[in-house]
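Participant: Task: produce atomic coordinates for the following.
(one chain, ligands or ions: 1)
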Amino acid sequence: MALTDALSAAQQYEPQLFHDLLELLRIPSVSTVLAAQSEVQRAADWVCAYLQEIGLEHVQTLETNRNPIVYADWLHAPGQPTVLCYGHYDVQPADPLELWRTPPFEPTIDGGNVYARGAADDKGQFIIHLAAIRAILQADGRLPVNVKFLIEGEEEIGSPSLDAVLDTYHDIFQADACLISDSHMLAPDCPVIITSVRGLVAVHVEVTGPGRDLHSGTFGGAVHNPLQALCTILARLHDADGRVAVPHFYDRVRPLTEHDRAALAQIPFTRAAWLAEAGNPPDDWGEPEYTISERTSSRPTLEINGLAGGFAGDGLKTVLPSRAIAKISCRLVADQDTEEIRSLLSATIHALAPPTVRVEIKPIQSGPGATVNLDHPAIQIASAAYAAVYGVAPLFVREGGSIPIVALLQNKFNMPSLLMGFGLPDDGLHSPNEKMSLAQIRRGVATIVHFFYGMAR
Ligand SMILES: [Zn+2]
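Facilitator: Numbering: from 1, shown residues only. Next up is the predicted model:
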């Protein structure tokens, strides 16, 4: 039978798949660094060639202001649903390089894992879709459903081009459901379907005072130090318990129902393991009236992502810096509006700023959060696919991170997203020594093969 044949084709093809993945992982396609743009382009070309090779059609790149979107399709299953497969070929920067045990762009296989930047986020995951399709086409000569691919190169910078591209090419991206593998399971035997993603809004804050760095002995105590003024502002963005202190920040946040809280409490969680995963901070922190699981999935947050100014090298320079900057981002939950939160945050920072310094705030990126409709029939098919391979039904979990396309597809196409991730919690996304388990790729390919056949029924 076709399904069984496809599963054994996937097995046979596995050594080649791992080889191909290493090739892709060697391309340092860091989207946030403009100087790396030729590498980002090289990754797009690699993906195009690969899609062509496995038998997809209409393979092309759609130009954007920055990094191209790769499109491909296979549309020879009339009367069957169409699945849009989403992934991203760009990666986060690899620094700090000295914390990597092996070089980030020289993928290394060790202990059943491949270590490289992008191993789990997202090269080692979207390639699972390609491998499943390759196996089915090899075994069966045709696919049970229609498929389209949208593989972008700007996810790690907030997908700035996606909105416009989905409008321009509205017809070609029509589909019944979107398949996304860019998230993780709770454990190797505990698969997960993500039911919501948080939104993101970020700003760059610059505080300036004197026109040049000053001698702290000559001017200190009489000219307001911009770095100190910035720290004073930042210190007031949370209250003592860790609640965000931006007025009206929580106004639109839907309160967690008893049912929500009970569902979250069912997800296996051990505080000690969580602290270890977080790199052993002395204690947890944040809104005391919510559990850690609630804080990291269902509550909005505000983080200071970076702070710079003055002299922080070896030794001492007794300087009163002329300027200081901070990068601040907020994770938002459903119903919070990105523009509204950005203006509340800006207004709060301006209100906290003393008249002795100048404050300028620039938007960096934003994208809304989204909630997946669990009643959609494709959710049941995705669940059954996991159960067939992992032997257990997946749990439904809220994701703390942000995947901009989920809200865009929901708002523009009313298209549900199936967030079927195969990563593991300790994969180290955005961190040194990012990895992906090869066993998870193997089981991921089998799960997606099951999913495609399930969608056809
Ligand atoms: Zn990702």
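Participant: Next to the ion in this structure, residues from this protein, please.
Facilitator: 121-122, 182 (C-beta under 5 Å from the ion). Every residue, glycine included, has its C-beta placed from N, CA and C.
Participant: make it 6 Å
Facilitator: By C-beta under 6 Å from the ion, the residues of the chain that approach the ion are 88, 121-122, 155, 182.
Participant: What count of nearby residues applies to the closest residue to D140 other than its chain neighbours?
Facilitator: Excluding the flanking residues, the one nearest D140 by C-beta to C-beta, 6 or more residues apart in numbering is A2, at 4.6 Å. Neighbours of A2 under the rule other C-beta atoms under 10 Å: 15.
Participant: Touching the helix or strand bottoming out on mean pLDDT in the chain from outside, list them.
Facilitator: One helix or strand of the chain scores below all others by mean pLDDT, DSSP states H and E: helix 258-266, with a mean of 87. Identification of contacts with helix 258-266 by C-beta atoms under 8 Å, 6 or more residues apart in numbering yields 256, 291, 293-294, 297-298, 395-396, 398.
Participant: T61: which of the residues you listed is nearest?
Facilitator: T61 lies nearest to R398 out of the contacts of helix 258-266, by C-beta to C-beta, at 33.7 Å.
Participant: Is the nearest residue to the closest one once chain neighbours are set aside within a helix or a strand, and which one?
Facilitator: Counting by C-beta to C-beta, 6+ apart, R398 lies nearest to S297, which is 3.8 Å off, once chain neighbours are set aside. In the assignment (DSSP states H and E), S297 maps to no helix and no strand.
Participant: just to revisit the earlier point, please convert the buried members of the contacts of helix 258-266 into ChimeraX selection syntax.
Facilitator: Selecting only the buried entries of these in ChimeraX, with 16 or more other C-beta atoms under 10 Å as the criterion:
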select :256,291,293,294,297,298,395,396,398
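Participant: In strands, which of the contacts of helix 258-266 fall?
Facilitator: If you go by DSSP state E, these have 395-396, 398 in strands.
Participant: Now render the residues you listed as JSON lines, adding pLDDT.
Facilitator: As requested, those are exported to JSON lines (pLDDT from 0 to 100):
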{"residue": "L395", "pLDDT": "93"}
{"residue": "F396", "pLDDT": "91"}
{"residue": "R398", "pLDDT": "87"}
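Participant: Would you quantify the distance from F249 to the ion?
Facilitator: 26 Å (C-beta to the ion, to the nearest Å).
Participant: quick one: pLDDT of that residue?
Facilitator: With respect to pLDDT, F249 scores 98.
Participant: so it touches L344, yeah?
Facilitator: Yes - between F249 and L344 there is a contact at 6.2 Å, judged by C-beta atoms under 8 Å.
Participant: Spit out the contact partners of A326.
Facilitator: For A326, the contact set (C-beta under 8 Å, 6+ apart) comprises 204-205, 230, 234, 304, 306-308.
Participant: and with 6 Å instead?
Facilitator: A326 makes contact with 205, 230, 304, 307 under the criterion C-beta atoms under 6 Å, 6 or more residues apart in numbering.
Participant: same question, V359
Facilitator: Neighbouring residues of V359 by C-beta under 6 Å, 6+ apart: 207, 353.
Participant: Tell me the bridge partners for it.
Facilitator: Following DSSP bridges, V359 is listed with bridge partners V207.
Participant: Roughly how far does it sit from the ion?
Facilitator: V359 is 33 Å from the ion, by C-beta to the ion.
Participant: Use 40 as the first number for this chain going forward.
Facilitator: Yep, numbering from 40; the last one is V398 now.
Participant: Give me the neighbour count for the nearest residue to A409 once chain neighbours are set aside.
Facilitator: Spatial nearest neighbour of A409, chain neighbours left out: A446 (3.9 Å); criterion: C-beta to C-beta, 6+ apart. Other residues near A446 come to 21 when the count uses other C-beta under 10 Å.
Participant: in what helix or strand does T234 lie?
Facilitator: strand 231-236.
Participant: List the neighbouring strands of that strand plus their orientation.
Facilitator: Strand 231-236 pairs in its sheet with strand 409-410 (antiparallel), strand 434-437 (parallel), strand 456-459 (antiparallel), by DSSP bridges.
Participant: quick one: that strand to helix 297-305, angle?
Facilitator: Note on geometry: by axes from the mean of the first three to the mean of the last three C-alpha atoms, to 10 degrees, strand 231-236 and helix 297-305 are set 140 degrees apart in direction.
Participant: Identify each buried residue in strand 231-236, please.
Facilitator: For strand 231-236, the neighbour count (16+ other C-beta under 10 Å) marks 231-236 as buried.
Participant: and Y425, how far is that from A216?
Facilitator: Distance of Y425 to A216, computed by C-beta to C-beta, to the nearest Å: 15 Å.
Participant: where does the chain dip in pLDDT?
Facilitator: Applying pLDDT under 70 to the chain flags no residue at all.
Participant: who's sitting farthest from the centroid in it?
Facilitator: The outermost residue of the chain relative to its centre, with distances by C-alpha atoms, centre = their mean, is T257 at 47.8 Å.
Participant: what sits up against the particular helix or strand that has that one in it?
Facilitator: Using DSSP H and E, T257 sits within helix 255-258. By C-beta under 6 Å, 6+ apart, the surrounding residues in contact with helix 255-258 are 357-359.
Participant: Tell me where the stretch 190-339 of the chain has helices.
Facilitator: Secondary structure of the stretch 190-339 of the chain (DSSP state H, counting those that start in this stretch): helices located at 201-207, 255-258, 265-274, 297-305, 310-316, 331-334.
Participant: Any idea which of the ones you listed gets closest to P146?
Facilitator: Closest to P146 of those, according to C-beta to C-beta: helix 310-316, at 23.0 Å.
Participant: buried set for that closest one?
Facilitator: Going by neighbour count (16+ other C-beta under 10 Å), nothing in helix 310-316 comes out as buried.
Participant: Stretch 253-262 too?
Facilitator: Residues 253, 255, 262 are the ones in stretch 253-262 that count as buried (16+ other C-beta under 10 Å).
Participant: same thing with stretch 317-330?
Facilitator: By 16+ other C-beta under 10 Å, the buried positions in stretch 317-330 come out as 325-326, 329-330.
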